[in-house]
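Q: Below is the sequence, then the predicted model.
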Amino acid sequence: MENGYDVIVVGLGGMGSAAAHHLARRGRRVLGLERFGPAHAQGSSHGGSRIYRQAYAEDPAYVPLLLRARELWEEAAANSGQDLFTATGGLVIGRPDAEPVAGTLRSAREWGLPHEVLDAAEVRRRFPTLTPSEAEVAVHEDAAGVVRPELAVRAHLDLAAAGGADLRFQEPVVTWEALPSGGVAVTTPRARYHADRLVVAPGAWAPGLLPGLVPLRVERRVMYWFAPRSGVQDFAPDRHPVYIWGGEVEGDEMYGFPALDGPDGGVKVAFHSRGGPADPDSLDRTVHATEVDAMRRHLGTRIPALAGELVRGAVCMYVNTADEHFVVCRHPDHEDVVVACGFSGHGFKFVPVIGEVLADLALEGATRHPIGLFDPARLRQSPSA
Ligand SMILES: Cc1cc2nc3c(=O)[nH]c(=O)nc-3n(C[C@H](O)[C@H](O)[C@H](O)COP(=O)(O)OP(=O)(O)OC[C@H]3O[C@@H](n4cnc5c(N)ncnc54)[C@H](O)[C@@H]3O)c2cc1C
């Protein structure tokens, strides 16, 4: 048994790396355990870019967390010297009465967030790569932008290590237990560790490491980088926003980014809800020609400049709860254990604030941040009468 830690963090991806940093900066002795290497591409936090936005269609209750996340993104960027956040502005495009446009406006109005509503002609005029139909509108938000998943994970790991955290890679946690006498024990193929508190942030491996907590669906998702027909200059980040584009039918919602990877790196686009159920240990990581064709056809009517040659593709995983809200809490059965999972394909923009919340919950048992929406009680089956 290796002793002497205040907190063990299991999983050093998006959420776990930020938790390790926030715990270490508060002077705690932290052990971080990760099954793969630093900032790997096997989970949910790779692919170069993630959308950050504030007018949040998913629920206005996320807005205070998004405002705090933005402050912490700036802070982590300054402390690490890495370009973690790029403000590009963002568009949410679709029919005015359909989500995500209606939900985005609801959040913007409830919180007084600066935004503009553009008709289709105005979108085409300002952003000529995008060709919405006459029936569509867009909500433009200046505060939206891009965060960088691999850079952010590395920055948080480096800050955690600089703060004294002991980070161990290629060391999968096999089991954890809350001890009857208080504290926790964690077992890996190399050792058994002991600490006062445990933070479990296992991404797509949550169903195995947190059995019975809440029902979760792991899903495969594909990211595509297409070569713009007229070169990358029309997609330059100083003139092209991030965007979410609602669909007419289930599965059609897509989103995309400016050109972030140089003249030959392509421009990233993806569908929000196509890809099917997955198991993280047997994930199909091949991007199939039929999938590429379907995306190319979709781009043909919306962003014709991208409906050409594929530069590359990559596969990632969403971990969805039934209502697509997160699970962040003290474990309902073990008060020394804190969990973070079920980020349902929209968690990365929150990474630094979730790190702060996890540190609060592990050390204080509570947080000043509004996390009522993430209580797993809403998803746990009530015993049948
Ligand atoms: C294609 C795609 C696009 C997305 N777009 C956006 C977006 O635009 N904006 C946004 O906000 N969010 C977006 N998301 C969602 C966001 O990226 C995720 O919500 C976030 O990355 C989840 O972080 P995590 O820490 O839960 O998971 P991960 O980053 O996967 O971390 C979990 C870690 O735990 C480790 N682990 C698991 N089991 C063990 C074990 N037994 N022992 C040790 N280590 C273990 C894993 O190896 C992994 O490193 C997107 C996700 C995908 C896949």
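A: All right, it came through fine. Residues are numbered from 1 along each chain as shown.
Q: ok, so what distance separates Trp245 from the ligand?
A: Using Cβ to the nearest ligand atom, to the nearest Å, one obtains 13 Å as the distance from Trp245 to the ligand. In short, each C-beta sits where N, CA and C put it, glycine included.
Q: Name all residues that make contact with that residue.
A: Residues touching Trp245, when contacts are defined by Cβ atoms under 8 Å, 6 or more residues apart in numbering, comprise Ile93, Gly94, Pro132, Glu253, Met254, Tyr255, Gly256, Arg302.
Q: residue ranges with poor pLDDT in the stretch 51-200 of the chain?
A: Within the stretch 51-200 of the chain, no stretch has pLDDT under 70.
Q: Pull up the residues of the stretch 201-350 of the chain that are close to the ligand.
A: Applying Cβ under 6 Å from any ligand atom, one finds that the stretch 201-350 of the chain approaches the ligand through 201-205, 209, 221, 223, 270, 316-318, 343, 345-349.
Q: Which of the residues you listed fall in helices?
A: In helices, defined here by DSSP state H, the members of those are Leu209.
Q: Give me the subset of the residues of the stretch 201-350 of the chain next to the ligand lying in strands.
A: If you go by DSSP state E, these have Arg221, Met223, Ala270, Cys316, Met317, Tyr318 in strands.
Q: Please convert these to JSON lines, extending it with neighbour count and distance to Glu177.
A: Conversion of these to JSON lines gives the following (neighbours: other Cβ atoms under 10 Å; distance: Cβ to Cβ, whole Å):
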{"residue": "Arg221", "neighbour count": "20", "distance to Glu177": "33"}
{"residue": "Met223", "neighbour count": "20", "distance to Glu177": "37"}
{"residue": "Ala270", "neighbour count": "22", "distance to Glu177": "39"}
{"residue": "Cys316", "neighbour count": "24", "distance to Glu177": "31"}
{"residue": "Met317", "neighbour count": "22", "distance to Glu177": "27"}
{"residue": "Tyr318", "neighbour count": "23", "distance to Glu177": "29"}
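Q: farthest-separated two in those?
A: Between any two of these, the greatest separation by Cβ to Cβ is 12.8 Å, found for Ala270 and Met317.
Q: what residues are shared contacts of these two?
A: When Cβ under 8 Å, 6+ apart defines a contact, the residues bordering Ala270 and Met317 alike are Arg221.
Q: how many other residues sit next to the residue in the stretch 1-150 of the chain that the ligand sits nearest to?
A: When distances are taken as Cβ to the nearest ligand atom, the stretch 1-150 of the chain approaches the ligand most closely through Gly13, which lies 1.8 Å from it. Gly13 is surrounded by 28 other residues when neighbours are defined as other Cβ atoms under 10 Å.
Q: so how far is the ligand from Leu299?
A: 17 Å.
Q: Shouldn't that residue be within a strand?
A: No - membership of Leu299 in a strand is not supported by DSSP: H, G, I helix; E, B strand; the rest coil, which gives helix.
Q: Next one: it, what pLDDT does it get?
A: Among the per-residue scores, Leu299 shows a pLDDT of 98.
Q: got it, and Pro383?
A: In the prediction, the pLDDT value recorded for Pro383 is 53.
Q: can you pull the buried residues of the longest helix along the chain?
A: Ranked by residue count and defined by DSSP H, the top helix of the chain is helix 63-80. Of the residues in helix 63-80, those buried under the neighbour-count criterion (16 or more other Cβ atoms under 10 Å) are Val63, Leu65, Leu66, Arg68, Ala69, Arg70, Leu72, Trp73, Ala76, Ala77, Asn79, Ser80.
Q: Cool, thanks, signing off.
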